[in-house]
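1. mind folding the following:
(one chain, ligands or ions: 3)
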Amino acid sequence: MIKRVRSWWGAEQNDEQPPAVSKDNIPQHVAVIMDGNGRWAKRIGMPRVIGHQNGMKAVKRTAIAADELGIKYLTMYAFSTENWTRPKEEVDFLMRLPEEFLAIELDELIEKNVQVRIMGHKEHLPSHTLAAFEEAIRRTEHNTGLILNFAVNYGSRLEITEAMKKLGREIEGGTIKAEDITPELIGKSLLSEEMPDPDLLIRTSGELRLSNFMLWQLAYSELWFTDIYWPEFNKEHLHEAVAEYQRRSRRYGGLK
Ligand code: IPE
Ligand code: IPE
Ligand code: MG
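-> Ligands and ions are numbered 1, 2, ... in the order given. Model prediction:
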């Protein structure tokens, strides 16, 4: 069957199947800035929150497609430390979404062997939001498949600031010396802890910026941007991003 898909530059094209992804060289960690929910809703004449609701379906599609590809870590930027500045009704809606998402999807995520995690400044989250995540984390902790890591109330500058304070306290307490600080120690002190750095960053909606997302961890990630709004993101787009990733030459400052 010929499917109509949209390419990353937004033009429609006919494709018989998603772009060929090689089984070798699958990115281990893919991070996603899920952007464009509000604009997607506006385009169809609906309130912004309808965009967020449909964005949840894209999270599920993407997690399943990532797992099928053999991606091990999928980090999804769901709410930033800057998103609190939005109108209260929108923030309240967003803080209710995890409960709704997990109530509908958790059983299937468990069945698919997914491990749910969160990365963010948990202490500022409403208790009902945190409780929903904690239940999902607990019920999936013995799973061994895809790690589905939600960045919630996440901000990279705050993350780095908190890590610096923690290391500063350790120096004051005498457990480490200033000379002991290495890039590895800083990396392990961040909220991403033991996770490998993202190999591939995807941002939807045409914005070409990082919006305070994983500034330390993305130092050598491959970046892939698409004009697609997050609620329309699907398996074909993920395959397109991974296929493009596989065509890149990662040199890390060295020579090929
Ligand atoms: C991304 O979509 C979701 C969050 C930031 C929570 P937006 O809500 O930013 O949608 P746009 O960018 O306004 O279209
Ligand atoms: C980034 O999107 C945050 C998330 C996707 C959660 P924003 O919509 O908040 O970013 P800006 O305002 O366009 O930079
Ligand atoms: Mg946005």
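2. list, one by one, the residues from the stretch 1-150 of the chain near ligand 1.
-> Within the stretch 1-150 of the chain, the positions near ligand 1 by CB under 6 Å from any ligand atom are Met34, Asp35, Gly36, Asn37, Gly38, Arg39, Phe79, Asn83, Leu94. C-beta coordinates here come from the backbone N, C-alpha and C atoms, glycine included.
3. let me see the contact set for the closest residue to ligand 2 within the chain.
-> Residue nearest to ligand 2 within the chain (CB to the nearest ligand atom): Ser211, separated by 3.6 Å. Residues near Ser211 by CB atoms under 8 Å, 6 or more residues apart in numbering: Ile33, Asp35, Tyr77, Ser80, Glu82.
4. 10 Å instead, please
-> For Ser211, the contact set (CB atoms under 10 Å, 6 or more residues apart in numbering) comprises Ile33, Asp35, Tyr77, Ser80, Glu82, Asn83, Gly155, Ser156, Arg203.
5. dump these to CSV, plus pLDDT, secondary structure and neighbour count.
-> As requested, the contacts of Ser211 are arranged in CSV below (pLDDT from 0 to 100; DSSP: H, G, I helix; E, B strand; the rest coil; neighbours: other CB atoms under 10 Å):
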residue, pLDDT, secondary structure, neighbour count
Ile33, 99, strand, 24
Asp35, 98, coil, 23
Tyr77, 98, strand, 24
Ser80, 98, strand, 20
Glu82, 98, coil, 12
Asn83, 98, helix, 17
Gly155, 98, coil, 23
Ser156, 98, helix, 22
Arg203, 99, strand, 23
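6. so which of those comes closest to Met164?
-> Nearest to Met164 among the contacts of Ser211, counting by CB to CB, is Ser156 at 12.5 Å.
7. tell me if Leu208 really is in a helix.
-> No: assignment of Leu208 by DSSP: H, G, I helix; E, B strand; the rest coil gives coil, placing it outside any helix.
8. which residue is the nearest non-sequential neighbour of it?
-> Phe225 (5.8 Å; CB to CB, 6 or more residues apart in numbering).
9. ok, the one you found - how many residues close by?
-> Neighbourhood size, Phe225 [other CB atoms under 10 Å]: 19.
10. so it sits against Glu207, correct?
-> Yes: in this structure, Phe225 is within contact of Glu207 by CB atoms under 10 Å, at 7.8 Å.
11. identify the contacts common to these two.
-> Joint contacts of Phe225 and Glu207 (CB under 10 Å, 6+ apart) are Ile33, Asp35.
12. quick one, strands of this protein?
-> Using DSSP state E, the strands of the chain run over 3-6, 12-15, 29-33, 73-80, 115-119, 147-154, 200-203, 222-225.
13. so what pLDDT did the residue nearest to Leu208 get?
-> Per-residue pLDDT puts Phe225 at 98.
14. list the residues that contact the closest residue to Arg139 other than its chain neighbours.
-> Nearest residue to Arg139 in three dimensions, chain neighbours excluded: Ile110, at 6.1 Å (CB to CB, 6+ apart). Going by CB under 10 Å, 6+ apart, Ile110 touches Val116, Ala136, Arg139, Thr140, His142, Asn143.
15. which among those count as buried?
-> Val116, Ala136, Thr140, Asn143 (16 or more other CB atoms under 10 Å).
16. remind me which residues of the stretch 101-250 of the chain are low pLDDT?
-> For the stretch 101-250 of the chain, no stretch has pLDDT under 70.
17. tell me the residue of it that sits nearest ligand 1?
-> Ser205 (5.5 Å).
18. quick one: residues contacting that residue.
-> The neighbourhood of Ser205, defined by CB under 10 Å, 6+ apart, consists of 33-40, 225-230, 233.
19. format the strands of the chain as JSON lines; extra columns: distance to ligand 2.
-> Shown next, in JSON lines, are these (distance: least, CB to the nearest ligand atom, whole Å):
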{"stretch": "strand 3-6", "distance to ligand 2": "20"}
{"stretch": "strand 12-15", "distance to ligand 2": "25"}
{"stretch": "strand 29-33", "distance to ligand 2": "5"}
{"stretch": "strand 73-80", "distance to ligand 2": "4"}
{"stretch": "strand 115-119", "distance to ligand 2": "12"}
{"stretch": "strand 147-154", "distance to ligand 2": "7"}
{"stretch": "strand 200-203", "distance to ligand 2": "8"}
{"stretch": "strand 222-225", "distance to ligand 2": "13"}
